[in-house]
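A.B. asks: Got a sequence here, can you model it:
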Amino acid sequence: MPTTATVIIETELASTGMKSRKAYLVGGGIASMAAAAFMIRDGDMIGSDITIIEQLDRLGGSLDGSGSPEAGYVLRGGRMFESKYVCTFDLFASIPTFDHSRTVTDEILSWNKTMHTSSKARLIRNGKRQTAPKFGLSERDILTIERLVLEPESLLGRSRIVDQFDPAFFDTDFWLMWSTTFAFQRWHSAVEFKRYLVRFSHMVDGFERLKGIMRTVLNQYDSMVRPLEAWLAERGVVFLLNTRVTDIAFATDADGLAPVRIDFTSGGSSRQIAVGPTDLVLITLGSMTEASSLGSMEAPPVLNGKSDGGSWALWERLANGHPAFGRPSVFADHIDQSKWLSFTTTLGDPALLELVRDLTGNVPGEGGLITLTDSSWLASIVIPYQPHFIGQPDDVSVFWGYGLSVDSPGDFVKKPMSLCSGREIMTEILGHLHIASAAADGILNSCICIPSMMPFITSQFLPREAGDRPAVVPAGTRNLAFVGQFCEIPDDVVFTVEYSIRSAQLAVNSLLQLNRPPPPVYKGGVDPRVLYKAFLALHDVRN
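C.D. replies: Model prediction:
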C-alpha cells in the first residue's frame, strides 16, 4: 500500500481514465470498508477499482484503538455484539485473522464459547455489588413496553422516550440497565427505543447479567478493522487518507440523478475526481465521532462542534435542494442532547483490577458493563480481557468507561465530568468503588487516564420521523447510495456495527444488481418462546 497521501492521490487520479467501473466510497469507517469487501467478494469488482476516501489518517471510523503503554491507550468506545449480527458474521467469515489460522468470525465465536459474559455485578450500589438486580417494573410500565412493541412507528413520530412512560419508570433498575447498556437518554427517540425492545427481545431474559453479549478477543480496531484493512489492501483497494470530501456534483439524465464529480482537499490543495456514467459513489452520512477531542491526566477534553470536521457539512451540502437526502440538522444541531464523555485508563499496577475482581466476582473480560448507580455522572466501566491491544505488555492493563450525565457535578470531584481531567475522573471512579485512600493514591500515581469528548455520539438516537434519514438508495437516483448510521434501514437498530455493515450490503446488492440481499433482521418478537421468556423476565420471574 502506498505510504504517503500524495502518492495515493496521484495513483488514484491516474486510474480515473480507465474504462472499467470505479467505486468511490466517502468515509473510511466500517460501512465503507464492508462495502468494498462486498464489492470484491460478491460483485467481482477489482480491488484497484475501489477507492476509500477518509479525512482522518487511518481507517476504522468509530471502531478506533490507538496509543501505547507509555503514552496511554485510547478507545473512544466499543460496540456490543450478539449472536444475531448476521451481516457482520457473514462479512467476517471471509476475512482471515492476522495469523491466517481462521476467519475473524470463527475467532469471535470460538472466543465467546470460552469467555461467556455473565455479570455478577451489573450494578454497584453504595460500594456493593448487585447480583442479578430485579427490573422493578410496574404493571403499567410493562403495558407501556408492550404497547410500544406493537405501535406503528408512524404514530410515534418524533416523540421521546419520556413522552411514553410515567416518571417512576425512570427510577427502575430496568431503565438504569437498559439506558446504560445502550446509551439511551430520556429525551431520545421513542421509535429507536421501540426498535431496541423488538430487536433485542431475545436478550431481555438474562439482561440483568448481560447474558448473550459477545466480545472480540482484542479491541475492535485490532480484532476487526486491521484484518479487514489488510484484506482490502492485499486486493489493491486504494486508500485516500487525510482527504476531506467537500462536495459532490450531480447531473440528471433519463435514468435519474447521478454523481458526476467529487471535490476534495488534501495536503492543503483542492482536487477533483471525475465520476463516470457507470461509476458508483457510496457516502457515509454524518459521524458519531466527528469532532471528538482528547484530554489528558491534567486537562479535560474540549467540546467541539460540527464545523470542526467535514462529514456534517458534506451532508448539509448534499441535502440542500435534495429532500430525498434527509435532514442532517435533526441530528447535528443538538449537541447538548447527543454528547457524552468516555475515558480509557492504562494501568501500570494490577491493584485496581484485583480490587474490582474481588468486589464483583468477575475476572477481566467476563463481567461486561458495570454501572455505578450512585454516580451523579451515571458512570459505567468495562474491564475487558487482558491484553486488550496488540503488543500490550503483560504488566499493563486497560479499562474503559463513560458517563451519560456529563454536565452534572461529581460526588467526589465537585465538577461536571465534561470539565474534568483524567486524574479527576479516576478520583471520582475510585471514590464510587469505595477504594481506600492509600490504595487510591497508588493507582492514581501509576495510571494514565485519557478522556474523550464526543459531541455527536448519540446523535443517531435523537427524535426523528420518516424522511429525516434517507434510504440507502434514494428514489430517483442512479449509481448512488448512503451507508452508515444515518441512513434508513427498516426494523434494524443504530449504534451497532451490524447496522453499518447491513447498510453496506444493501447498497452493494442494489447498485451492482446482485441477487444476494442481506439476511433478514432478526425479530425475536415473532417467536412465542422468546416472548414468553421476555414476559416472565419483565415481571422479575426468573429461572
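
A.B. asks: Okay, now the unreliable bits of this structure?
C.D. replies: For the chain, the stretches flagged by pLDDT under 70 are 1-19, 543.

A.B. asks: residue boundaries of the helices in the stretch 51-200 of the chain?
C.D. replies: 86-92, 104-114, 139-150, 153-156, 173-182, 190-199 (DSSP state H, counting those that start in this stretch).

A.B. asks: which of the ones you listed is buried the deepest?
C.D. replies: helix 86-92 (a mean of 23; mean count of other CB atoms under 10 Å). Quick note: C-beta positions are derived from backbone N, CA and C, even for glycine.

A.B. asks: same for that one, what does it pack against?
C.D. replies: Other elements packing on helix 86-92 under the criterion 3 or more CB pairs under 8 Å, 6 or more residues apart in numbering; DSSP states H and E are helix 30-41, helix 104-114, helix 497-511.

A.B. asks: can you list the ones you listed in a markdown table and add distance to Leu56?
C.D. replies: Output for the helices and strands packed on helix 86-92, formatted as a markdown table (distance: least, CB to CB, whole Å):
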| stretch | distance to Leu56 |
| --- | --- |
| helix 30-41 | 12 |
| helix 104-114 | 22 |
| helix 497-511 | 16 |
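
A.B. asks: And this structure, what are its domain boundaries?
C.D. replies: 5-63+222-287+305-330+464-511, 135-206+532-538 (automatic domain parsing).

A.B. asks: right, so of those, which gets closest to Gly78?
C.D. replies: domain 5-63+222-287+305-330+464-511 (8.2 Å; CB to CB).

A.B. asks: hang on, the earlier thing: including distance to Gly467, could the helices of the stretch 51-200 of the chain go into TSV?
C.D. replies: Output for the helices of the stretch 51-200 of the chain, formatted as TSV (distance: least, CB to CB, whole Å):
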stretch	distance to Gly467
helix 86-92	25
helix 104-114	36
helix 139-150	21
helix 153-156	11
helix 173-182	24
helix 190-199	13
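
A.B. asks: and of the helices and strands packed on helix 86-92, who's closest to Gly442?
C.D. replies: Nearest of those (CB to CB): helix 104-114, 32.3 Å.

A.B. asks: mind saving the C-alpha coords of the closest one as CSV?
C.D. replies: Taking Å, rounded to 0.1, in the frame of the first residue of the first chain, the C-alpha atoms of helix 104-114 are listed here in CSV:
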residue,chain,number,x,y,z
VAL,A,104,-12.4,-13.4,12.2
THR,A,105,-15.9,-14.8,12.6
ASP,A,106,-14.5,-18.1,13.7
GLU,A,107,-12.2,-16.4,16.2
ILE,A,108,-15.1,-14.3,17.7
LEU,A,109,-17.5,-17.3,18.0
SER,A,110,-14.8,-19.6,19.4
TRP,A,111,-13.6,-16.9,21.9
ASN,A,112,-17.2,-16.4,23.2
LYS,A,113,-17.6,-20.1,23.9
THR,A,114,-14.8,-19.7,26.3
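
A.B. asks: Just name whatever secondary elements it is in contact with.
C.D. replies: helix 86-92.

A.B. asks: so which of the domains of the chain is the most packed in?
C.D. replies: domain 5-63+222-287+305-330+464-511 (a mean of 20).

A.B. asks: circling back: any chance of the domains of the chain in CSV, with distance to Phe412 too?
C.D. replies: Conversion of these to CSV gives the following (distance: least, CB to CB, whole Å):
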stretch, distance to Phe412
domain 5-63+222-287+305-330+464-511, 30
domain 135-206+532-538, 20
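
A.B. asks: Could you name the stretch from the helices and strands packed on helix 86-92 that's closest to Gly61?
C.D. replies: helix 30-41 (6.0 Å).

A.B. asks: Against which helices or strands is that closest one packed?
C.D. replies: Against helix 30-41 (3+ CB pairs under 8 Å, 6+ apart) you get strand 23-26, strand 50-53, helix 86-92, helix 226-234, strand 280-284, strand 480-483, helix 497-511.

A.B. asks: ok, and what's touching the third one?
C.D. replies: So that's helix 86-92. Contacts with helix 86-92, where a contact means CB atoms under 8 Å, 6 or more residues apart in numbering, come from 34, 37-38, 81, 103-105, 108-109, 224, 228, 497-498, 501-502, 505, 518-519, 522.

A.B. asks: what ranges do the strands span in the stretch 301-450 of the chain?
C.D. replies: Using DSSP state E, counting those that start in this stretch, the strands of the stretch 301-450 of the chain run over residues 340-347, 369-372, 379-382, 397-403, 447-454.

A.B. asks: could these be laid out in JSON lines, adding distance to Pro470?
C.D. replies: Formatted as JSON lines, the strands of the stretch 301-450 of the chain follow (distance: least, CB to CB, whole Å):
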{"stretch": "strand 340-347", "distance to Pro470": "26"}
{"stretch": "strand 369-372", "distance to Pro470": "32"}
{"stretch": "strand 379-382", "distance to Pro470": "33"}
{"stretch": "strand 397-403", "distance to Pro470": "29"}
{"stretch": "strand 447-454", "distance to Pro470": "23"}
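
A.B. asks: Now stretch 396-413: buried residues?
C.D. replies: Using 16 or more other CB atoms under 10 Å as the test for burial, stretch 396-413 gives 396-406, 408, 410, 413.

A.B. asks: mind checking how far it is from the chain centre?
C.D. replies: In terms of CA atoms, centre = their mean, to the nearest Å, the centre of stretch 396-413 is found 19 Å from the chain centre.

A.B. asks: all helices for the stretch 201-350 of the chain, in order.
C.D. replies: Counting by DSSP H, counting those that start in this stretch, the helices of the stretch 201-350 of the chain are 220, 226-234, 311-319, 329-332, 335-338.

A.B. asks: Can you mark which positions in the last one are buried?
C.D. replies: The neighbour-count check on helix 335-338 (16+ other CB under 10 Å) flags 335, 338 as buried.

A.B. asks: I'd like the C-alpha coordinates of it written as CSV, please.
C.D. replies: Presented in CSV, the C-alpha positions along helix 335-338 are these (Å, rounded to 0.1, in the frame of the first residue of the first chain):
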residue,chain,number,x,y,z
ILE,A,335,-25.1,18.7,20.8
ASP,A,336,-26.4,19.3,24.3
GLN,A,337,-28.6,16.2,23.8
SER,A,338,-26.1,14.0,21.9
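
A.B. asks: by contact count, what packs against that helix?
C.D. replies: Against helix 335-338 (3+ CB pairs under 8 Å, 6+ apart) you get no helix or strand.

A.B. asks: re the thing from before, out of the buried residues of stretch 396-413, the closest to His432 would be?
C.D. replies: Nearest member of these to His432, counting by CB to CB, is Gly410, at 9.3 Å.

A.B. asks: For Leu318, see how far away that closest one is.
C.D. replies: 41 Å (CB to CB, to the nearest Å).

A.B. asks: With Tyr499 instead?
C.D. replies: The gap separating Tyr499 from Leu318 is 20 Å, by CB to CB.

A.B. asks: One more: Leu228?
C.D. replies: 27 Å.

A.B. asks: ok, now which ones touch Glu298?
C.D. replies: Here Glu298 is in contact with 421-423 (CB under 8 Å, 6+ apart).

A.B. asks: export these to TSV and tack on neighbour count and distance to Ala332?
C.D. replies: Listed next are the contacts of Glu298 as TSV, based on neighbours: other CB atoms under 10 Å; distance: CB to CB, whole Å:
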residue	neighbour count	distance to Ala332
Ser421	20	28
Gly422	26	28
Arg423	18	32
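
A.B. asks: Mind putting those into a markdown table with distance to Gly326?
C.D. replies: Below are these laid out as a markdown table (distance: CB to CB, whole Å):
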| residue | distance to Gly326 |
| --- | --- |
| Ser421 | 38 |
| Gly422 | 37 |
| Arg423 | 41 |
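
A.B. asks: Which ones among those lie within helices?
C.D. replies: Members of the contacts of Glu298 lying in helices (criterion: DSSP state H): 422-423.

A.B. asks: wait, doesn't Tyr73 sit right on Leu218?
C.D. replies: No - between Tyr73 and Leu218 there is no contact under CB atoms under 8 Å: 11.3 Å.
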